[in-house]
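# With the sequence up front, the predicted model follows.
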Amino acid sequence: MNAPANFISPAAPLPAPSAVEQVDWAAKNYLVVDDFIGVRQLLRESLRSLGARNIDQASSGGEAMALLNKTRYDVVLCDYNLGEGKNGQQVLEEARIRNLLLPSSVFLMVSAEKTVESVMGAAEHQPDAYLVKPITEGVLLTRLNRVWRKKQVFNPIDHAYAEKDYLRAARLCDGQIAANRVHEIDLLRMKARLMEKCGEPAKARETYERVLAQREYQWARAGIARIRMADGDHEQARQMFATVIAENRYYIDAYDGLAQAYQSMGKHEEALGILERAAKLSPNSVPRQRNLGQACLKLGNIGMAEKAFRKCIAIGEYSIRKTPDAYLGLARVCGLKNDPKEALLLLNAAQREFFAEHPDIELRAKITEGLVYHESGDYRRARKAGDELEALLQSKPERPDVTTCLEMATLLFAVGVKEAPVDLLCYVIRNNHDNALLQDEVQKIFEKARMGDEGEALIRQARKEAVDLMNQGVLLWKTNKLPEAVEWMRNARAALPHNVRILFNSAQILVSCMQQRGFSVLLSDEAHAVLAQADRLAPGQQRFAQLIEQLLALAPKVEEAPPKEDAAGEAAAA
């Protein structure tokens, strides 16, 4: 069967819409979100004057999320302030993260708010437009037409992005540039970010420089600064981020980059100052307040850490980005203030709140409890927490992330336990055998525990074990013992589930097996899962983009059909 006439193959560039082409707004699905019924009615009538028939309404963020979960809307008009519960920023944020919007969906943020705080908060999540009330029908129609036509240009790119086929998405950008010169700059911006995600910094930089040759765009300058950071040229990156901020004090991403540059240079006080400035400009970002609190905690700025963590908990109440980190951080602050009672209340709250989504919360809460007791001078209870941690480690073979392992090892050494923290630190090294900076951090923990020489030997041995484990699987692959290589790497992944090199090599062997022996749904699903884990641990790797492209090329070709709604992804928010 041929594809419908209105479906355009993602492999071909879309023709540029003519100046007189009219968008048919009658058959599209609309969602209007506002806590005032009068405003909803006004917006509904404005849409009806454009011919719209299918219009749903929501009076709160929670109601909006329920409707978005059931229906894929073509157009969403959402107020920023929605009363109690989620605000418009949080609705957009959650809809993007949960892929509840089509790539072609238009999300217009509507608000009477003109304050920097509200505009910055909304802009960070990139709505397609920010409209200030009151809105005339003419303004609404003009903005809808402009955004919709642009969305059609990016639609095939968004679908490739949703499949994580970043290399194909970048090639589609080139094809669209040739056919849609009016969107050339936006397409170049997308291509540059895709090249960064593909682990191709040289090509990303070349694209950013092509943009800068036409006009001085701050996002292009910040993009080159990110690439300088990735190359280890922290001072040049610092200068470039600082220049961007000097030219536009509201360019919030540059603050995050500048703080990271300072941290990489060991200038943590300067990094803290930048994070504080960014949090004042855009205070309603959960991750930014969390990062500020953690930076303050490391530097011993207890007052500012407390303020940041409390703010993080407050604004995160209805956010999908709500995590236990702020609760645990604030508990640490309470311990340092010699208030273990509130710390324990926070830890109990964290376990109640996050038990379902975070299976490691019991472990993390127990670590924080031990640190609170130790920092407040209650060494007996700290040792008791250490003993309970040992029991938890023995009862569960899974190990947490690197940061949690390091915190746990530090606590266990501090309360007099030796064997368990040594095992933890060796586990961290085996999973990160080529990370020199992390090895230095582990060595410092050994030295603080008065195990400097022993720690050096343990680190060397752990690195060798990881390399030997990986090399044996590669040897089986290169000698064409593919089933044995696949099974070996499965066992290697089970032993070292956070070792990125092992994950990529395992995926490579699965792909090679299918290239030689034919496509297998089970092996393909396994490879996709392995690559997804590698991308979570180390995003932006060249091997990820290359292996995903090879993997997708192996799948049997199916007859072209319109993209499924539930496969939607929003590349523009990358």
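Looks like it arrived, so ask away.

# From now on I want contacts and neighbour counts done on CA atoms only, so please keep to that.
Noted.

# Could you pull up the residues touching Leu344?
By C-alpha atoms under 8 Å, 6 or more residues apart in numbering, the contact set of Leu344 is Ala331, Glu369.

# Now do the SS call for it.
Assigned by DSSP: H, G, I helix; E, B strand; the rest coil, the conformation of Leu344 is helix.

# Then the one 4 residues further on?
Assigned by three-state DSSP, the conformation of Asn348 is helix.

# Now do it against Lys396, distance only.
Going from Asn348 to Lys396 by C-alpha to C-alpha, to the nearest Å gives 21 Å.

# These two - which one has more neighbours?
Higher neighbour count among Asn348 and Lys396: Asn348, with 14 against 8, using other C-alpha atoms under 10 Å.

# Which pLDDT value belongs to that one?
As predicted, Asn348 sits at a pLDDT of 96.

# What's the separation between it and Leu392?
From Asn348 over to Leu392 the distance is 17 Å, taken as C-alpha to C-alpha.

# Tell me which other helices or strands the helix or strand hosting Ala553 touches.
Per DSSP states H and E, Ala553 falls inside helix 542-554. Here helix 542-554 touches helix 166-179, helix 500-517, helix 521-537, going by 3 or more C-alpha pairs under 8 Å, 6 or more residues apart in numbering; DSSP states H and E.

# lowest average confidence, helix or strand, in this structure?
helix 116-123 (a mean of 58; mean pLDDT, DSSP states H and E).

# immediately after that helix, which helix or strand?
Downstream of helix 116-123, the next assigned helix or strand under DSSP H and E is strand 129-132.

# Report the buried residues of the helix or strand immediately after that next one in the chain.
Per DSSP H and E, the first helix or strand lying C-terminal to strand 129-132 is helix 137-162. For helix 137-162, the neighbour count (16 or more other C-alpha atoms under 10 Å) marks 140-141, 143-145, 147-162 as buried.

# CA atoms of stretch 341-359 as PDB?
C-alpha atoms of stretch 341-359 as PDB (Å, rounded to 0.1, in the frame of the first residue of the first chain):
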ATOM      1  CA  LYS A 341      15.900  15.400  64.800                       C
ATOM      2  CA  GLU A 342      14.900  17.400  61.700                       C
ATOM      3  CA  ALA A 343      17.400  15.400  59.600                       C
ATOM      4  CA  LEU A 344      15.700  12.100  60.500                       C
ATOM      5  CA  LEU A 345      12.300  13.600  59.700                       C
ATOM      6  CA  LEU A 346      13.600  14.600  56.300                       C
ATOM      7  CA  LEU A 347      15.100  11.100  55.700                       C
ATOM      8  CA  ASN A 348      11.800   9.500  56.600                       C
ATOM      9  CA  ALA A 349       9.900  11.800  54.300                       C
ATOM     10  CA  ALA A 350      12.400  11.000  51.500                       C
ATOM     11  CA  GLN A 351      11.800   7.300  51.900                       C
ATOM     12  CA  ARG A 352       8.000   7.700  51.900                       C
ATOM     13  CA  GLU A 353       8.000  10.100  48.900                       C
ATOM     14  CA  PHE A 354      10.500   8.200  46.600                       C
ATOM     15  CA  PHE A 355      10.100   4.500  47.600                       C
ATOM     16  CA  ALA A 356       8.500   3.500  44.300                       C
ATOM     17  CA  GLU A 357      10.600   5.400  41.800                       C
ATOM     18  CA  HIS A 358      14.000   5.100  43.600                       C
ATOM     19  CA  PRO A 359      14.800   1.600  44.700                       C
END
